[in-house]
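Asker: Quick one, fold the following:
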Amino acid sequence: MTKRERFQLFLENKPVDRVPVAFFHHFIPFGDFGKGLLDDAVFEKNIQGHRLARQLFDPDIAKIMNDSLFFMPLDVSFVEKASDLRKVEPVSMQSPFVRRSLELTKRVREIYDGPDAPPVFITSCSPTFVLRNSLSVNGMPNVGGDETRIKGFVEEDPEALSVAVEALAQGIAEFNRLLITEAGVDGIYLSVNNQAGFFREDVFRTCIAPHEKAVLDSANRLSRMNLLHICGMAGRANDLSLFTDFQAAAYNWAVHAEGVSLAEGKKLFGGKAVFGGFQQTGPIYRGSREELEQAAWTILEESGQLGIGLGADCTVPADIDDSRLAWVQEAAAKYANR
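Answerer: Numbering: from 1, shown residues only. From the prediction side, this is the model:
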């Protein structure tokens, strides 16, 4: 069974020779995130990381980690009060960021070419996350931004937040279109979250979710393979019920942060394909081969093998030995043939 055949059957909840395995990690130090736009060495290191990892692990599903271009550049220098968010504009499709992103995507896409090539996805951050990253303390993008400032804006004028997120969603949807149609990825791996209830439920459902779903819906018009990652980074849980009407081909969430198993989540998402199950720093990272195999078998005993993939809550540590990921493939094959 080829990787693409296995993945398609996984999406269709049909029997496979073994469940697909999907683990991802970053390739450059966190301090270099976003520096690839101006620093060629960081940009090339990002690409080389994929190449080296490919030599150690032949993935069933590949995800392009655009770490060196992680922060989509937005001009928010004028934002002083909530109403200013109405003036935020998406990145131009003629910008150096978009051109550089297309180059990175095409070059990494080539790394995964071959007679049994896996489906390849591009990481796509939600418009809300892109906005938050830009609204930082010191004017330099950082993950999550200035939380106090952002929450203040939400209390002051939630509708202004909605206007900004909608504008960014339209830009991200067009960006994703280029990545699929020009750079040749199979679909997007859309990362969304409302960790620890950062936004009130009414604000999320009214001002954020419609626009983030629009990003996914736009990609769905180009590909039937788009994946949704509900990010529970650093163990910060999400309310998964906020995302059950996001229409993806398969879903991934932080099983250990949310306390929702793959079997439970599969029911929550209407029986669609799901993947994950491993904690990033658990057996997959430091456990023995036997412990890792037992962890995989435990997940499969509970969830079954139809429409199930093995992976992690989020990205595994960057210093992991990639050959360990092959152990999970072997454990899955052994379980299927037991």
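Asker: any residues touching stretch 99-106, and which ones?
Answerer: Contacts to stretch 99-106, defined as Cβ atoms under 8 Å, 6 or more residues apart in numbering, come from residues 36-37, 43, 46-47, 64, 66, 68-69, 122, 175, 178-179, 182-185. For glycine as for every other residue, the C-beta is placed from the backbone atoms N, C-alpha and C.
Asker: Of these, select the buried ones using a ChimeraX command.
Answerer: Buried residues among these (16 or more other Cβ atoms under 10 Å), as a ChimeraX selection:
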select :36,37,43,46,47,64,66,68,69,122,175,179,183,185
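Asker: ok, G307 - contacts?
Answerer: The contact partners of G307, by Cβ under 8 Å, 6+ apart, come to F10, L11, E12, N13, A250, K266, G271, K272, A273, V274.
Asker: tell me the mean pLDDT over stretch 22-32?
Answerer: Averaging pLDDT along stretch 22-32 yields 94.
Asker: same deal with stretch 209-228?
Answerer: Stretch 209-228 shows a mean pLDDT of 98.
Asker: related to what we said a few turns ago, which ones among the contacts of G307 are found in helices?
Answerer: F10, L11, K266 (DSSP state H).
Asker: The last one reaches K272, doesn't it?
Answerer: What that stands for is K266. Yes. Using Cβ atoms under 8 Å, K266 is in contact with K272, at 7.3 Å.
Asker: More neighbours: which of these two?
Answerer: Shown here are K266 and K272; by other Cβ atoms under 10 Å, K266 has more neighbours (21 against 17).
Asker: what's the nearest residue to that one if we skip its chain neighbours?
Answerer: Closest residue in space to K266, ignoring its immediate chain neighbours: V274 at 4.9 Å, by Cβ to Cβ, 6 or more residues apart in numbering.
Asker: if I pick that neighbour, what's in contact with it?
Answerer: Taking Cβ under 8 Å, 6+ apart, one finds A250, Y251, N252, L262, G265, K266, S303, G307, I308, G309 in contact with V274.
Asker: Which ones among those lie within strands?
Answerer: Under the assignment DSSP state E, these contribute A250, Y251, N252, I308, G309 to strands.
Asker: now those residues as TSV including neighbour count?
Answerer: What follows is the ones in strands among the contacts of V274, written out as TSV (neighbours: other Cβ atoms under 10 Å):
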residue	neighbour count
A250	26
Y251	24
N252	28
I308	25
G309	27
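Asker: longest helix in this structure, by residue count?
Answerer: With DSSP H setting the assignment, residue counts place helix 158-181 as the longest helix in the chain.
Asker: In that helix, which residues are buried?
Answerer: Residues 158, 160-177, 179-180 are the ones in helix 158-181 that count as buried (16+ other Cβ under 10 Å).
Asker: Would you map the strands across the protein?
Answerer: Along the chain, the segments classed as strands by DSSP E run 21-22, 62-64, 120-125, 187-192, 227-230, 250-253, 273-278, 308-312.
Asker: Same list, those strands, but as a markdown table with distance to D239 please.
Answerer: Below are those laid out as a markdown table (distance: least, Cβ to Cβ, whole Å):
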| stretch | distance to D239 |
| --- | --- |
| strand 21-22 | 24 |
| strand 62-64 | 25 |
| strand 120-125 | 20 |
| strand 187-192 | 12 |
| strand 227-230 | 10 |
| strand 250-253 | 11 |
| strand 273-278 | 17 |
| strand 308-312 | 21 |
